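Novice: Here's a sequence, model it:
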Amino acid sequence: MTGAATRDPLGDGAAPPALEAWLQTNVAGYQGPATLDKIAGGQSNPTFRAVAPSGRYVIRRKPLGETLPSAHAVDREFRVLSALASTDVPVPPVHALCEDPEVAGQMFYVMDMVPGRVFWDPRLTNLTGPEREGIFASMNETIAAIHRLEPAAVGLDDFGKHGGYLERQINRWTRQYRASETETIPAMERLIGWLPANKPAEGPTRLVHGDYRLDNVLIHPTEPRIVAVLDWELSTLGDPRADFAYHAMTWRFAPDLFRGLEGADLAALSIPSEADYVARYAEASGFDPRADWTFFLALSMFRIAAIVQGIAKRALDGTAANADAAEVGAKCRPIAERACRIIDGEG
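Specialist: Residues are numbered from 1 along each chain as shown. This is a model prediction of the structure:
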């Protein structure tokens with residue numbers, strides 16, 4: 001099933017017969033029929049809620065139509081979630097992977113729906129101080145737990161390349177930016193030169209989430225702790241310090257630039273300072289990014305800037321999926337300029 005006009009077999013309503021039959025055969029304890037509805041959000045992989053007499057499930061599927069070979073890798077997500085099931089990293093229990101596109105239009109996997117809350121604003125304005133403190137502590141401990149894992153010990157030693165991660169990241173996002181460049185942005189040009197010239201020695205190879213942030217974790221319905229880490233489609237093997245810095249960019253972005261904490265009264269909110277948060281991670285994980293913190297922050301911001309430039313190009317071409325694409329894409333320049341202020345030591 002390909003083509004933009006193809007009707008989605010997983011539209012809202014009753015699960016189609018092919019999916020019902022597959023669930024009955026492949027999901028232990030499943031009893032149908034299931035009713036489907038699409039879960040809203042920013043996922044690049046369409047995600048559906050399936051409610052059946054036997055429980056509530058989540059179906060995570062590649063988009064319909066043609067996709068790049070390495071994109072929307074739900075099979076990689078399924079593999080890493082399966083590998084983490086026996087660890088202390090909280091992930092949803094997964095059931096089965098379906099590689100037959102005839103069942104639901106594309107490859108998909110099924111996991112349990114874990115009850116929880118999703119927050120987008122890191123200031124967590126509707127919560128109490130102790131709740132904010134608990135959520136930030138849980139986020140820190142959880143990413144440290146991911147990075148403490150030995151890939152070989154959980155069957156993921158071949159989940160990505162060993163070594164050269166930082167160089168590959170610089171090259172990848174430079175290529176992506178060049179492919180979507182619509183104007184000359186001096187700050188991006190500076191970063192393209194500065195990053196390879198200031199790349200530190202490679203750290204140990206660990207599992208990296210690739211997009212670890214507040215809105216990609218589920219918080220317990222009533223307690224301030226993570227019950228599941230979601231959206232593993234960008235996970236691979238790499239340098240844990242870079243993965244943590246990407247998460248910690250939150251402290252350097254203003255709320256209107258990229259859902260950040262810059263300018264907030266952190267003490268009044270009971271949210272740790274960046275310095276305290278990084279120190280806590282270093283102690284919990286055994287990896288200390290502070291000696292090269294400027295580089296890791298600059299690389300993280302360069303990556304975000306390249307991504308939003310891609311959105312800007314799609315908006316200009318008229319192929320963007322979201323109505324606010326032009327507004328999001330316009331943030332490439334200020335994000336790159338924010339990175340340059342960091343490498344200039346201006347905070």
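Novice: got the domain boundaries for the chain?
Specialist: Residue ranges for the domains of the chain, per automatic domain parsing: 13-112, 129-343.
Novice: what's the burial count for the nearest residue to I192 once chain neighbours are set aside?
Specialist: Counting by Cβ to Cβ, 6 or more residues apart in numbering, I192 lies nearest to T174, which is 5.5 Å off, once chain neighbours are set aside. Placement of C-beta: from N, CA and C, glycine included. T174 has 17 neighbours, counted by other Cβ atoms under 10 Å.
Novice: what's the helix or strand for T174?
Specialist: helix 165-180 (DSSP states H and E).
Novice: same question, Y109
Specialist: Using DSSP H and E, Y109 falls in strand 108-112.
Novice: That strand: partners in the sheet, and parallel or antiparallel?
Specialist: In the sheet, strand 108-112 lines up against strand 55-61 (antiparallel), strand 94-98 (antiparallel) (DSSP bridges).
Novice: Could I get the CA-only coordinates of it as CSV?
Specialist: Below are the C-alpha coordinates for strand 108-112, written out as CSV (Å, rounded to 0.1, in the frame of the first residue of the first chain):
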residue,chain,number,x,y,z
PHE,A,108,4.2,-1.8,13.0
TYR,A,109,4.5,-3.1,16.5
VAL,A,110,2.2,-3.5,19.5
MET,A,111,2.9,-2.5,23.0
ASP,A,112,0.9,-2.0,26.2
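Novice: quick one: average confidence on that strand?
Specialist: Strand 108-112 comes out with an average pLDDT of 97.
Novice: Of all the residues in the helix or strand hosting L297, which ones are buried?
Specialist: If you go by DSSP H and E, L297 is part of helix 293-317. Buried residues in helix 293-317, counted by 16 or more other Cβ atoms under 10 Å: 293-315.
Novice: What strand or helix carries the closest residue to E223 other than its chain neighbours?
Specialist: Of all residues not flanking E223 in the chain, G134 sits nearest, at 7.5 Å (Cβ to Cβ, 6+ apart). Assigned by DSSP H and E, G134 belongs to helix 129-148.
Novice: try I342
Specialist: helix 332-343.
Novice: what angle separates that helix from helix 165-180?
Specialist: Between helix 332-343 and helix 165-180, the angle comes out at 150 degrees (axes from the mean of the first three to the mean of the last three Cα atoms, to 10 degrees).
Novice: Who are the packing partners of helix 332-343?
Specialist: helix 186-197, helix 255-258, helix 293-317 (3 or more Cβ pairs under 8 Å, 6 or more residues apart in numbering; DSSP states H and E).
Novice: What separation do you get for the closest residue to H209 other than its chain neighbours and Y277?
Specialist: Take H209 and drop its neighbours on the chain: the residue closest to it by Cβ to Cβ, 6+ apart is S235, 5.4 Å away. Counting by Cβ to Cβ, to the nearest Å, the gap from S235 to Y277 is 22 Å.
Novice: so where is the protein shaky, pLDDT-wise?
Specialist: 1-6, 41-43, 65-72, 319-326 (pLDDT under 70).
Novice: Nearest to the spatial middle of it, which residue is it?
Specialist: D211 (2.6 Å; Cα atoms, centre = their mean).
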